[in-house]
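Asks: pasting a predicted model and its sequence here:
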Amino acid sequence: MVKRTQSKIRRSNNEGSIFQRKSDGKWVGSITVGYDDKGQQKKKTVYGNSQTEVAKKLAEVSGRIKSNSYELVESKSFGELMTDWLLVFKKSSVTGRTFEGIMRNFRLHIEPQIGNMKIYDIDTFVIQKVINKLIDEKYSNNTIKKNKHMISQFFEYAIDNKWVSVNPTLKVQIRTKDKAPNKKEKYKALPPEVRTKFLEALNKDEANFIKPLCICLMFSGLRIGEALALKWENVDFVNKTLKVEQAITQEPKFDSDGKVTSRVTIVGDTKTTCSVREIPIADIVVETLKQWREKQILRQNTNKEVSGDLTSRTSFIFANDDGSVRSYSGTKKIFDRFKKRNDLKKYHIGFHGLRHTFSNMLFEMNENPKVIQQLLGHRDVKTTITVYNSVDSEYVRQTTEKFNEKVKEEQMLIDQNIREEVIEERKEKLVKDMTDDEFDDMLQKLMEERQERKRKREKDFEM
């Protein structure tokens, strides 16, 4: 029989009683939680290192009894309770793709470690161990903070329902310095020599929509989802502007357990509200889209497989032949085939890499990061780079004009492989009576004049 150091400390009705065991000094509390079939009391016993700790635990049990949630909390594990909360409350408050990421984090990082525990057994020490494991496994600060935030949100819900009285995540510590970048990561932006090869491939392989799509990504900085959602009404050919208002996304469908069963491509909002923007576009984008529209008009009139209206104001610029919006996965497959037949796979060129290339070319020109932020549609300039400056629309347009000149110069590299053909054609048509020496002298003068014009332009930009 257990000996007690003092008589039982009686508390108010339905708040239980507390005593200290003489054998080990532990404090013990008990409370009536119900009655069995014979009318006998059913007791819940809790333990602690102090009278205050036990009193706190009894208060939690009493709260669960009063809120009619005692049986629920006793019968279900932490993982089951949190899964119910995710499916009922969290799912309805976020987008499908966000919810997919939340469920992935929960099932990968939280459920395996503490899913089988009771919610009232989870304290700050337990949560800190979950966080430490993520740190040890070299997850990013962003991933770690997301998991802590998710657990914290659930405990706030649990407090409201009187399952627990405190949120154990509040004193959990996370390092402030993120992990060092992986030096082996692929460089996303295309270096200048690869840009040239890529543009050469686009110019010679014009069988489908890949050329105009990639030009939009590489020379306007669009996200792939934004580009695929573009309609002809978003392009102002006269004022050379492009309006980004929507983006495609793959909306996942879930079963009753929160597992993804299928994905549907939809046109919805852009990534952030700041991603909605109207930007000046370079001449190469304007001309490429004009050429693409002419091709689409021709295809509509001559190709029986084209069943949709591809060129009306409300038509998608890169639509399928039936007029529907293209999916990301289908577009990527076509792009992968394009890279394979043009021997470009070794350069690891991706859609988002083309967007990075656009920003890098602007940085190469020493442009104000606030300008680049506006063109890319970033919510925070820190995403681009930490520089605080004011930017007006005219400055953005001047940047686009400078960008035009850079694009034209890079295009000249592509034209070098056909220059010899042009020279021969001109010799035949314009200078039939010239000797080779006379023609070379004339060509040299023309090149010198071009270099002088280029120097003047660069001087103007510096001013």
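Replies: Alright, I've got the coordinates. Residues are numbered from 1 along each chain as shown.
Asks: what's the helix or strand in which Met82 is found packed up against?
Replies: Under the criterion of DSSP states H and E, Met82 resides in helix 78-85. Secondary-structure packing of helix 78-85 (3 or more C-beta pairs under 8 Å, 6 or more residues apart in numbering; DSSP states H and E): helix 111-114, helix 141-160. The way it works is simple: take the backbone N, C-alpha and C, and place the C-beta from them, glycine included.
Asks: helices of the stretch 151-300 of the chain, start to end?
Replies: With DSSP state H, counting those that start in this stretch as the criterion, the stretch 151-300 of the chain has helices at 192-204, 210-220, 224-228, 283-302.
Asks: residues near the residue nearest to Lys253 when sequence neighbours are not counted, how many?
Replies: Distances taken as C-beta to C-beta, 6 or more residues apart in numbering place Ser262 nearest to Lys253, at 4.7 Å, with adjacent residues excluded. When neighbours are counted by other C-beta atoms under 10 Å, Ser262 registers 10.
Asks: got it, and Arg223?
Replies: By other C-beta under 10 Å, neighbour count at Arg223 equals 21.
Asks: right, and it touches Arg355 too?
Replies: Yes: using C-beta atoms under 8 Å, Arg223 is in contact with Arg355, at 6.2 Å.
Asks: any stretches of the stretch 201-350 of the chain with poor pLDDT?
Replies: For the stretch 201-350 of the chain, applying pLDDT under 70 flags the ranges 270-274.
Asks: right, and the helix or strand after the helix holding Met82?
Replies: helix 96-105.
Asks: now do the helix or strand encompassing Tyr47, average pLDDT.
Replies: Using DSSP H and E, Tyr47 maps to strand 41-48. What strand 41-48 shows for mean pLDDT is 80.
Asks: between the two ends of stretch 156-167, how far is it?
Replies: 7 Å (C-alpha to C-alpha, to the nearest Å).
Asks: ok, residues contacting it?
Replies: By C-beta atoms under 8 Å, 6 or more residues apart in numbering, the surrounding residues in contact with stretch 156-167 are 56, 59-60, 63-64, 66-67, 69, 73, 81, 85, 89, 119-120, 152, 155.
Asks: make it 6 Å
Replies: The contact list for stretch 156-167, computed with C-beta atoms under 6 Å, 6 or more residues apart in numbering, reads Glu60, Gly63, Arg64, Ser67, Ser69, Val73, Trp85, Ile119, Tyr120, Phe155.
Asks: buried ones from the residues you listed, can you make that a PyMOL selection?
Replies: This is the PyMOL syntax for the buried subset of the contacts of stretch 156-167, where burial follows 16 or more other C-beta atoms under 10 Å:
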select buried, resi 60+63+64+69+73+85+119+120+155
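Asks: using CSV, lay out the contacts of stretch 156-167 together with distance to Val244.
Replies: Shown next, in CSV, are those (distance: C-beta to C-beta, whole Å):
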residue, distance to Val244
Glu60, 51
Gly63, 51
Arg64, 51
Ser67, 49
Ser69, 48
Val73, 48
Trp85, 36
Ile119, 45
Tyr120, 50
Phe155, 39
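Asks: helices - which of the contacts of stretch 156-167 land there?
Replies: Glu60, Gly63, Arg64, Val73, Trp85, Phe155 (DSSP state H).
Asks: need those residues in a markdown table with pLDDT, can you?
Replies: Below are these laid out as a markdown table (pLDDT from 0 to 100):
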| residue | pLDDT |
| --- | --- |
| Glu60 | 81 |
| Gly63 | 76 |
| Arg64 | 77 |
| Val73 | 82 |
| Trp85 | 95 |
| Phe155 | 93 |
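Asks: what's around Leu228, how many residues?
Replies: 27.
Asks: how close does it get to Gly96?
Replies: According to C-beta to C-beta, to the nearest Å, Leu228 stands 18 Å off from Gly96.
Asks: same check on Val164?
Replies: In terms of C-beta to C-beta, Val164 sits 30 Å off from Gly96.
Asks: do the same with Lys253
Replies: 8 Å.
Asks: in terms of neighbours, single out the busier of these two.
Replies: Between Lys253 and Gly96, Gly96 has the larger neighbour count (other C-beta under 10 Å), namely 18 against 11.
Asks: touching, that one and Gln250? I think so.
Replies: No: Gly96 lies out of contact with Gln250 (C-beta atoms under 6 Å); the separation is 8.4 Å.
Asks: I'd say Glu278 and Lys243 touch.
Replies: Yes: Glu278 is within contact range of Lys243, at 4.6 Å (criterion: C-beta under 6 Å).
Asks: next, count neighbours for Tyr139.
Replies: 18.
Asks: that one and Arg175, how far apart?
Replies: 11 Å.
Asks: check Met117 too.
Replies: On the measure of C-beta to C-beta, Met117 and Arg175 end up 25 Å apart.
Asks: who's more crowded, the two?
Replies: Using other C-beta under 10 Å, the more surrounded residue of Met117 and Arg175 is Met117, with 13 against 10.
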